[in-house]
Each structure stands twice: as structure tokens, then as C-alpha cells.
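Enquirer: predicted model and sequence follow; I will ask about them next.
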Amino acid sequence: MKHPLTPVTTHPSPPQSGNKLLAALPAEDYLRIAPSLTHVPQTFKLVLHKTGETMTNVYFPVGGCCSTTYVMQDGKMVEVATIGNEGVVGITLFLGGTVAPSETFVQIAADADILVMPAAVFMTELNRRGAFYDLISRFAQALQILYMQSVACNSFHTVEERCARWLLMTHDRVEGDEFQLTHEFLSYMLGVRRPTVSLVLGTLDRAGVIHIGMKKITIVNRKGLEAASCECYEVVRKAFDQLLPDPSTREQINPRFVS
């Protein structure tokens, strides 16, 4: 997998567009951090954090989808979370760590860049205990719910239900109904064998829920995909909706909301 590229521009996105966490900041807070933001082009499998490495940056996706994975000693890999423009890659720094406990890379690339913030700036903003801190706190809570629900889902639900949940979560984070995806890559994300994934995707395709193309998937029937998923998708979606503000409303951040 590729290692992060050197940032190529220093033109921040306006607060009303791009990453939803940054867009929800009051204008004064955004303008203060904007000069520290640089852009990195998204490419498939671009590594943002590598397991065991010191985290020098955090990343705010503007489009596409990033995957946080855990690799066992025998090389087996499973996805533990996906992060899109609703969040930030590097929440470990908020929790007091400095070393990446897992690997995060670009799972589905988009035309938009990733906004990069130096870890030192990130920590300085957190220490202000203002709106930025409160937003990151909310996202950390939502991500924790995603982690816990993923553990339960992997233990109790069928591969077909988990696959439908994964497709829904990815669909939420990308623009349009079509995205690049191979059976082999999805098998890594779900922690199952490739033939199992091919069988499940084939079932969903024949049901008219998705369409399988050459290294890509098209969501044909969103409602049908939701029906095929387990309860976990809705639980996580509601948690994110409740914890994270809608930037289009410029919701006032309330520190008391965060436990």
C-alpha cells in the first residue's frame, strides 16, 4: 500500500462544504485552523496511518471512504470501522495516544482531496476546550458505538446481513450509487473467504438489490438493501445522526451534550 503523499496545496475548503466536522465549526474557529490545513489527493489504498507508527497528522476526508483495519499475526485482516466526510482519521490522538493501533487507508477514492492537519495543531485546538473539542468528542462517541456494534455484528449476524450493512455504510459515504469494489477486497473487509463474498453478492444481485460490474458495485434498490441488512446499520446511523450536528443548520455546539 502507498504511503501518504506530500501535501500539494494550502488552500482550505470553505466552512460550508467538504468535511462535515469542519463545516459544523463556528466561522471564527474554522478561520483560525484553516491556514494549517493542506490537501492530499485521494488514491486507492493510500495509507494514512500505519500500525505502530507515530501519528504526525490527522485527516479530514472530503469525499470517498477510508477503512480502519486490524491485521492478525497470520496476516488475516478485518475492517473495524469506515470513516468518510462525517469524521476524522486519527481519533487515537484525542484519546491520549500517539501511536496508531491499526492501519487506515483510502478504501474508495474520490475526486476531492483529503484535508491534512498536523497532530500538533490538532492537540492545540483540543486543548482550547471549545467547539472543535466538542465536535471531536461527539465523533469519538459515535465511533465507539460503531466499534461496539461491529463486534456484536461480526459475532451474531450472517455474512449476507454484514455484507448489506457494509454496502449501506459505504453508500452513505460516497457520491452516487456506483463505487469501485472487488470481491477479494470485500472479503478482507468482512473477514471471510472470497468465495463466500461472491456467493452473497450473487444472491443480492439476483434479488435486484445491487448490480455487480467489473470491479465495481452499483446500488440498485436501497430499500431492498436495508431490508437485507441487520439491525446494526440503523443503530449506528441513528447514533451518528444524534451525536453529530447537521452543518447545514450551523447547529450551536453545546459542551454539556458530551458526556
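Expert: All right, it came through fine. If you're wondering where the values come from, they're calculated on a predicted model, not measured in any experiment. Numbering: from 1, shown residues only.
Enquirer: C-alpha only now, for contacts and for neighbours.
Expert: OK.
Enquirer: any idea how far residue 161 is from residue 225?
Expert: Noted for residue 161: a distance of 9 Å to residue 225, by C-alpha to C-alpha, to the nearest Å.
Enquirer: sorry, that was for residue 245
Expert: 26 Å.
Enquirer: next: residue 46.
Expert: Counting by C-alpha to C-alpha, the gap from residue 46 to residue 225 is 29 Å.
Enquirer: now swap in residue 182 and tell me
Expert: 18 Å.
Enquirer: out of the two, which sits in the more crowded spot?
Expert: Using other C-alpha atoms under 10 Å, the more surrounded residue of residue 182 and residue 225 is residue 225, with 22 against 17.
Enquirer: what helix or strand is that one on?
Expert: helix 222-228 (DSSP states H and E).
Enquirer: equivalent analysis for residue 42, please.
Expert: Using DSSP H and E, residue 42 falls outside every helix and strand.
Enquirer: endpoints of stretch 51-61, how far apart?
Expert: First-to-last distance for stretch 51-61 - C-alpha to C-alpha - comes to 20 Å.
Enquirer: quick one, helices of the stretch 51-200 of the chain?
Expert: Here the stretch 51-200 of the chain has its helices, by DSSP state H, counting those that start in this stretch, at 91-94, 119-127, 131-156, 159-173, 183-190, 194-206.
Enquirer: quick one: closest of the ones you listed to residue 229.
Expert: helix 159-173 (4.4 Å; C-alpha to C-alpha).
Enquirer: what's in contact with the closest one?
Expert: Outside helix 159-173, the residues within contact range by C-alpha atoms under 8 Å, 6 or more residues apart in numbering are 63-65, 82-85, 153-154, 177, 190, 197, 200, 219, 222, 225-226, 228-230, 232-233.
Enquirer: what's the first helix or strand after the helix holding residue 225?
Expert: helix 232-243.
Enquirer: show me what that next one is packed up against.
Expert: Judged by 3 or more C-alpha pairs under 8 Å, 6 or more residues apart in numbering; DSSP states H and E, helix 232-243 is in contact with helix 131-156, helix 159-173.
Enquirer: please repeat the previous calculation with a cut-off of 7 Å.
Expert: helix 131-156 (3 or more C-alpha pairs under 7 Å, 6 or more residues apart in numbering; DSSP states H and E).
Enquirer: assign the closest residue to residue 135 other than its chain neighbours to helix, strand or coil.
Expert: Once flanking residues are discounted, residue 135 sits nearest to residue 21: 6.7 Å by C-alpha to C-alpha, 6 or more residues apart in numbering. Classification of residue 21 by DSSP: H, G, I helix; E, B strand; the rest coil places it in helix.
Enquirer: can you get me a residue count around residue 21?
Expert: Neighbours of residue 21 (other C-alpha under 10 Å): 23.
Enquirer: just the pLDDT for it.
Expert: At residue 21, the pLDDT value in this model is 93.
Enquirer: likewise residue 109?
Expert: On pLDDT, residue 109 comes in at 88.
Enquirer: repeat for residue 74
Expert: So residue 74 comes in at 83 (pLDDT).
Enquirer: could you find the closest non-adjacent residue to the most centrally placed residue in the chain?
Expert: Centroid-nearest residue in the chain: residue 83, 0.5 Å away (criterion: C-alpha atoms, centre = their mean). Leaving aside its sequence neighbours, residue 83 sits nearest to residue 66 (C-alpha to C-alpha, 6+ apart; 5.1 Å).
Enquirer: the closest residue in space to residue 184 that isn't next to it in sequence - how many residues pack around it?
Expert: Spatially, and ignoring its direct neighbours in sequence, residue 184 is nearest to residue 194 (5.4 Å; C-alpha to C-alpha, 6+ apart). Residue 194 has 16 neighbours, counted by other C-alpha under 10 Å.
Enquirer: cool, thanks, talk later.
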